[in-house]
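**Student:** Requesting a structural model of the entry that follows:
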Amino acid sequence: MAISFFKTIDEFRLYVRGVDASTKIEELAPDFNSAKPFVFNIIEQTLWDDILAYHTGTDRTNAKKNILMEYIQIALANFTQKERFPMQSALDTTKDMYKYQVDAVMDKYRLNGYNALNDIINYLDAEQLTFTDWPSTQTYIERAELIVSDYKEFDRIYSIDGSSYFFVRTMFLQKEVINDEILTRIGSWTDINTPVDGETEKNAIKTEIVTAVKRALVYYTMYLAIKRFDILNLPESIRKSVTNEQTKTIRTGYNESADAGSIAAEIFAKARKYFNSIENGMRKLNLVGSTDDTELEPNQNDVDNKFYYPGI
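**Tutor:** This next block holds a predicted model:
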């Protein structure tokens, strides 16, 4: 029995290291099922079925489908191996591995998988005329509706290591910030983002507000991402910032959360500054938003807060 996109174990081993040639392909099924959503949730059913049918068919002459198929295989193979590696290393009696060594290998699989997801998204964006079902996916549609709808623009404001996949993962956070923090201050994004003929001074203020909105949105989205995401799922540059801080101390889960919390606090301070700029601009236009800035203060005692520590 094969698993999707891999007919044999040899085909699977083309895209990931650390898999013994004697492994039966059906043994990968449970871990593959955990890995599948990483790809499937992005490309969705129609594209998945199209490329899978191409993989199982006899005609492999479509160069563009070959490229996309390989990106999909790289992602699926690495995420599958990430899932199975802890058990695999525990059952391997020929060598002992420390936890940090296991974590390092899993991190490599994770990074390879995320890079492949970036490649999938970027390639589909570049080849929409070939993969015509891509613009119909929920990922594509929801992304287009955002105020900052391009990962490159997001990355210019706050570095996410140029990751289109991480950008997609934060879309629900962006929508939350837009609804709860942005629109309550500006009312209508279309009105603020649309110049008025002959109103030079007013348009200049609108331009300032638009800039502040985008920066507040990005910084507050990143604040929420660090607050809610596991540190392993954050961009590598942020993870390295936390790791660099921990080289000064003994690395512990407590220190990791505290250092990530310190970074989040810095980002939050920048978001707050730009929210203030939005409100100042709205006052200049005599259009004061309904949200007072004090509502933006993070609740340090919120149990939903990743950096919450109960009192003794």
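**Student:** show me the contacts for residue 222.
**Tutor:** Residues in contact with residue 222 (Cβ atoms under 8 Å, 6 or more residues apart in numbering) are 158, 160, 170, 267. In short, each C-beta sits where N, CA and C put it, glycine included.
**Student:** Which secondary structure elements does the strand or helix carrying residue 80 sit against?
**Tutor:** Element membership of residue 80, judged by DSSP states H and E, is helix 63-91. For helix 63-91, the packing partners by 3 or more Cβ pairs under 8 Å, 6 or more residues apart in numbering; DSSP states H and E come out as helix 9-13, helix 29-56, helix 99-126.
**Student:** who wins for proximity to residue 199 among those helices?
**Tutor:** helix 99-126 (35.7 Å; Cβ to Cβ).
**Student:** For the next helix-or-strand element following that closest one, give the mean pLDDT please.
**Tutor:** Remark: after helix 99-126, the chain's next helix or strand is helix 138-144, criterion DSSP H and E. Mean pLDDT, computed over helix 138-144, is 97.
**Student:** Repeat that for stretch 35-51.
**Tutor:** So the average pLDDT for stretch 35-51 ends up being 98.
**Student:** repeat for stretch 158-166
**Tutor:** On average, stretch 158-166 scores 97.
**Student:** and the end-to-end length of that stretch?
**Tutor:** End-to-end span of stretch 158-166 (Cα to Cα, to the nearest Å): 12 Å.
**Student:** Now it: buried residues?
**Tutor:** Judged by neighbour count using 16 or more other Cβ atoms under 10 Å, the buried positions of stretch 158-166 are 158, 160, 161, 163, 164, 165, 166.
**Student:** for stretch 178-191, same thing?
**Tutor:** For stretch 178-191, burial by neighbour count (16+ other Cβ under 10 Å) applies to 178, 181, 182, 183, 185, 186.
**Student:** Let's see which of the residues you listed end up in helices.
**Tutor:** 183, 185, 186 (DSSP state H).
**Student:** so how far is residue 48 from residue 33?
**Tutor:** Distance of residue 33 to residue 48, given as Cβ to Cβ, to the nearest Å: 14 Å.
**Student:** who's more crowded, these two?
**Tutor:** residue 48 (19 against 13; other Cβ atoms under 10 Å).
**Student:** Isn't the more buried one up against residue 38?
**Tutor:** No: here residue 48 lies out of contact with residue 38, judged by Cβ atoms under 8 Å, at a distance of 12.0 Å.
**Student:** And residue 177, how far from residue 216?
**Tutor:** For residue 177, the distance to residue 216 - Cβ to Cβ - is 8 Å.
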